[in-house]
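K.L.:
Here is the input, now give the coordinates:
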Amino acid sequence: YVYAPVSIALRDWRAATGSGILLLFLLTATVGVRIVSEPEIMDGQAFVPPFQNWAYPLGTDVMGQSIFEMVVHASPPMLKMILAGSLLSVGLGTLIGTVAGYKGGAVDSVLMTITDVVLTIPGLVLIIVLTAIYDPTDPFVVGILLGIDNWPRLARTIRSQVLSIREEAFTEASRILGLSQRHILRKDVITNLMPYISVNFANSSRRIIFESVGLYFLGILSVTNSLNWGVMLNTAYNQGNMTNMSQLHWVLVPMLIITLISLGFILFAQGLDRVFNVRLRARHAKTVGADEAETDE
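P.N.:
Got it, this is the predicted structure:
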């Protein structure tokens, strides 16, 4: 349960690379903010180019603030939004889709009716209205609001997958053996859904990133400080000259950071597909067992 998944993940370059990228951002948001000082106005000269002065490795903005320090201290709120929004959308979508597909009947009709009603509501408009009413500043609240419109599509697709799995031979065998519904859901249904859930978690995380950055860039979401990737883009667009090559790094750095963390989520999800592949894990377990037997002999 531990060695085989970790070993499979480490042997897959996508899982290893994606894990490394996400671990880098996690360390930045937890350890980096304690090591790197907060950015200060006029800490250095304006528009210092990147990789020329190691006191400002990513350069400075128009106010002489270190872009590297801004990126580091903007990481915690971004990760909080991603975590809250992705867990809500994936958790709610998986729960509703699984229950609806497995139970069927009236339960399925009620849950899918609710899902269809939410699907008919324009997601972006709903988010703009909710943020205008509540004006959230807490990253967790922002993530939850952004995750509200992401779960219905997942619930629909999860339901379709569960309907297919419910008719498989191994699921029918479990019912004939008299195994509990909890056991069937955990061992037969959820296990086979995990590759799909992991991919959708990555897609939901990317969607939360893009939506939050876009709303902050447009000024729809308000912040108490400028330590946010979307606000950094907004400030660079409004106060910088994007046709001046000496100022272009101001907008390129947050764009590259957003692209990198999105790539990390995608590679990690693709690697998890091998980890949750039951046949691959079983073959790996047999290989390990044979190797141990040869060692004992």
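K.L.:
which residues touch the residue minimising distance to the centre of the chain?
P.N.:
Nearest to the geometric centre of the chain sits Ser205, at 2.6 Å (CA atoms, centre = their mean). Residues counted as contacts of Ser205 (CB atoms under 8 Å, 6 or more residues apart in numbering) are Ile82, Gly85, Ser86, Ser262, Phe265. Any C-beta I mention is one placed from the backbone N, CA and C, and that applies to glycine too.
K.L.:
That one looks like it's in a helix, true?
P.N.:
Yes - assessed with DSSP: H, G, I helix; E, B strand; the rest coil, Ser205 lies in a helix.
K.L.:
From Ser89, how far out is it?
P.N.:
As judged by CB to CB, to the nearest Å, Ser205 and Ser89 stand 9 Å apart.
K.L.:
How many residues are close by the residue lying closest to Phe170 once chain neighbours are set aside?
P.N.:
Once flanking residues are discounted, Phe170 sits nearest to Asp188: 6.0 Å by CB to CB, 6 or more residues apart in numbering. Using other CB atoms under 10 Å, Asp188 is surrounded by 20 other residues.
K.L.:
Among the contacts of Ser205, which one sits closest to Gly147?
P.N.:
Nearest to Gly147 among these: Gly85, at 3.5 Å, using CB to CB.
K.L.:
could you point out which element follows the strand or helix carrying that closest one?
P.N.:
Gly85 belongs to helix 67-103 when assigned by DSSP states H and E. Moving toward the C-terminus from helix 67-103, the next helix or strand (DSSP H and E) is helix 105-120.
K.L.:
Run the angle between the helix or strand following that following helix and helix 105-120 for me.
P.N.:
The element immediately downstream of helix 105-120 (helix or strand, assigned by DSSP H and E) is helix 123-134. Helix 123-134 and helix 105-120 are oriented at 80 degrees to each other (axes from the mean of the first three to the mean of the last three CA atoms, to 10 degrees).
K.L.:
Helix 123-134 - contacts with which helices or strands?
P.N.:
Under the contact definition 3 or more CB pairs under 8 Å, 6 or more residues apart in numbering; DSSP states H and E, helix 123-134 sits against helix 139-147, helix 191-218.
K.L.:
just those helices: most buried one?
P.N.:
helix 139-147 (a mean of 22; mean count of other CB atoms under 10 Å).
K.L.:
Next, the residues that contact that one from outside, please.
P.N.:
With CB under 8 Å, 6+ apart as the criterion, helix 139-147 contacts 76-78, 80-89, 127, 130-131, 134, 136, 204, 207-208, 211-212, 221.
K.L.:
Go through stretch 117-136 and flag the buried ones.
P.N.:
Val118, Gly123, Ile127, Leu130, Thr131, Pro136 (16 or more other CB atoms under 10 Å).
K.L.:
ok, of those residues, which one's closest to Asn244?
P.N.:
Among these, Thr131 lies closest to Asn244 (CB to CB), at 33.2 Å.
K.L.:
The closest one: what's it in contact with?
P.N.:
Contacts of Thr131 by CB under 8 Å, 6+ apart are Val142, Leu145, Leu215, Ile220, Leu221.
K.L.:
Nearest to Glu167, out of these: which one, please.
P.N.:
Glu167 has its nearest neighbour among these in Leu145, at 37.5 Å by CB to CB.
K.L.:
Poorly predicted segments of the chain, please.
P.N.:
Counting by pLDDT under 70, the chain shows low-confidence ranges at 1-2, 4-5, 222-226, 277-297.
K.L.:
can we see that at 50?
P.N.:
284, 288-296 (pLDDT under 50).
K.L.:
how about stretch 155-174: buried residues?
P.N.:
Ala155, Arg156, Ile158, Arg159, Gln161, Val162, Ile165, Arg166, Thr171, Ser174.
K.L.:
end to end, how far does it reach?
P.N.:
24 Å (CA to CA, to the nearest Å).
K.L.:
For Phe201, which non-adjacent residue is closest in space?
P.N.:
Nearest non-adjacent residue to Phe201 (CB to CB, 6+ apart): Val90, at 4.9 Å.
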